[in-house]
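Undergrad: Structure for the following, please:
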Amino acid sequence: MAGSPAAERGQIARRRLLEAAVALVPELGWSAVSTRILAERAGVTPSVVHYHFPSLQALLIEAVLGAMREVAVAFEPALEAAGTPEAAVDALLASVGEYTGTDPMSLLFAEAYLAATREDTLRQGIREILTGLRTRFGGWLAERGVTDAEATAEVLFATVDGLLLHRALEPESGGGVIPAVLHRLVR
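TA: As a prediction, this is how the structure comes out:
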């Protein structure tokens, strides 16, 4: 049974608000996104923001965590296809290869990490995503005999985050040396 036209319009407005938030956070910065700017970008009135979400912060958190989960899930197929720990490291690096450090998704992550230092709900949500990634990848590494597999996964993900931050500052940094260094961690 299909939902009512009003319910469908509500779901469309809610989705547009979340999409607008994901676009605006990297463009303007977390703290510069206002209810008015967000509503304007989504093509709704400001009152619609507070109809669908308890606060602007709640909307931003839901939008950003949703985008971060999508990025995390995108690594899963690459991990499944990897036969060795070294191939998994290559897959991890390839999964972030499209990010320049200054592209919208990289900026979204940077803004979210910074905002998470002041926002407990966001910090907890990011922590859950990272814990899930580390646990999944750590388990995969352990099945293949990697010592201290979960700690190794934690270091690998933290390294990739750091590499993306550095890429924004030094686009020419890294190069072909990084995979060889990270391969040593999983041997």
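
Undergrad: doesn't residue 67 make contact with residue 105?
TA: Yes. Counting by CB atoms under 8 Å, residue 105 touches residue 67, with 7.2 Å between them. Bear in mind the C-beta positions are built from the backbone N, C-alpha and C, glycine included.

Undergrad: Mind checking which of those two has more residues around it?
TA: residue 67 (21 against 18; other CB atoms under 10 Å).

Undergrad: burial measure for the spatially closest residue to the more buried one that is not a sequence neighbour, as a count.
TA: Excluding the flanking residues, the one nearest residue 67 by CB to CB, 6 or more residues apart in numbering is residue 22, at 5.0 Å. When neighbours are counted by other CB under 10 Å, residue 22 registers 19.

Undergrad: after the longest helix belonging to the chain, next one along is what?
TA: What stands out as the longest helix in the chain, according to DSSP state H, is helix 56-81. Moving toward the C-terminus from helix 56-81, the next helix or strand (DSSP states H and E) is helix 85-95.

Undergrad: what stretches of the chain score poorly on pLDDT?
TA: 1-2, 173-176 (pLDDT under 70).

Undergrad: which residue is nearest the centroid of the protein?
TA: residue 68 (2.5 Å; CA atoms, centre = their mean).

Undergrad: Report the contact partners of that residue.
TA: Shown in contact with residue 68 (CB atoms under 8 Å, 6 or more residues apart in numbering): 108, 109, 112, 125, 126, 129.

Undergrad: could you dump the residues you listed to a markdown table with distance to residue 97 and neighbour count?
TA: Below are those laid out as a markdown table (distance: CB to CB, whole Å; neighbours: other CB atoms under 10 Å):
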| residue | distance to residue 97 | neighbour count |
| --- | --- | --- |
| 108 | 17 | 23 |
| 109 | 15 | 22 |
| 112 | 20 | 24 |
| 125 | 25 | 20 |
| 126 | 22 | 20 |
| 129 | 20 | 16 |
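
Undergrad: Helices - which of those residues land there?
TA: 108, 109, 112, 125, 126, 129.

Undergrad: what's the closest non-adjacent residue to the fourth one?
TA: Using CB to CB, 6+ apart and skipping residues adjacent in sequence, the residue nearest residue 125 is residue 65, 4.3 Å away.

Undergrad: try the third one
TA: Across the structure, with CB to CB, 6+ apart as the measure, the residue nearest residue 112 apart from its sequence neighbours is residue 64 (4.7 Å).

Undergrad: ok, now residue 106?
TA: That would be residue 99: by CB to CB, 6+ apart, it lies 4.6 Å from residue 106.

Undergrad: picking that back up, could you measure from the residue nearest to residue 125 over to residue 170?
TA: Distance, residue 65 to residue 170, by CB to CB, to the nearest Å: 29 Å.
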